[in-house]
Each structure stands twice: as C-alpha cells, then as structure tokens.
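>>> Attaching a predicted model along with its sequence, questions to come.
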Amino acid sequence: MDNEKYNGWHNRATWAFNLWINNDEADYKYWLSEAKNSDTSEELADRMKDYLEEIKEAMLERPSEPSYEQRQMILDIGDISEIDYYEVAKGFFDLAREGD
C-alpha cells in the first residue's frame, strides 16, 4: 500500500482509522475518555493498536464476534500495521487536555 500523505495524515490507513473513530459518537467519547485516563499519547496509541489487533484477530478466529461496523472499519482501513497510531492518539490526547 502507498504510504504517502493522505488528506494531511501520515497515510490513508491513518486517515481512515481517525475518520472511523471520530465519526461515531460512541467511539469518539470512548477514545476521548481513554485519552483523559492516559498518562501519555504513546500509552493511548498502544491502546488503539491493541484495540484494532483484537478486532482483526476476532475476525479471523471468531467471525461472528466483531460487530458489522468493526468489520467494516477493518476492511476500510486495510493494513492496520500501516497506521500511525501515535498521530491519531496525539490528537485525542491534546483534545482531552485542552483547558487544563
């Protein structure tokens, strides 16, 4: 897959992941809460990576477990190893600390 900048993001996979978690209110609130409870953006990035890896693993081993939206997100993103999780996490981490 092409790793060139995409809509201002590191690449298309990063842009797509960010789009998915920002366009669903429940996901947005969840990740904002996780950001508030994280000590660093790196810690949050690791949680995001673990989240997607768990969904992808479930798709392969327990196909009925992930929700339709989760399956669609993984299929839309493509290769989750190309995501710059830190870039996405930093946006949530910074937002969670606005006004502190």
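Okay, I see it.
>>> those strands in the protein, which residues are they?
With DSSP state E as the definition, the chain shows no strands.
>>> so where do the helices sit in it?
For the chain, applying DSSP state H gives helices covering 12-23, 25-36, 41-61, 68-77, 85-96.
>>> Point out the one among those helices that comes closest to Y6.
Nearest to Y6 among these is helix 12-23; the distance by CB to CB comes to 4.2 Å. (Each C-beta comes from the backbone N, C-alpha and C, glycine too.)
>>> Buried residues of that closest one, list them for me.
Of the residues in helix 12-23, 12-21 count as buried by neighbour count, 16 or more other CB atoms under 10 Å.
>>> can I get those in JSON lines with pLDDT?
What follows is the buried residues of helix 12-23, written out as JSON lines (pLDDT from 0 to 100):
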{"residue": "R12", "pLDDT": "97"}
{"residue": "A13", "pLDDT": "97"}
{"residue": "T14", "pLDDT": "98"}
{"residue": "W15", "pLDDT": "98"}
{"residue": "A16", "pLDDT": "97"}
{"residue": "F17", "pLDDT": "97"}
{"residue": "N18", "pLDDT": "97"}
{"residue": "L19", "pLDDT": "97"}
{"residue": "W20", "pLDDT": "96"}
{"residue": "I21", "pLDDT": "96"}
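>>> Which of those residues sits closest to D84?
Nearest to D84 among the buried residues of helix 12-23 is T14, at 4.6 Å by CB to CB.
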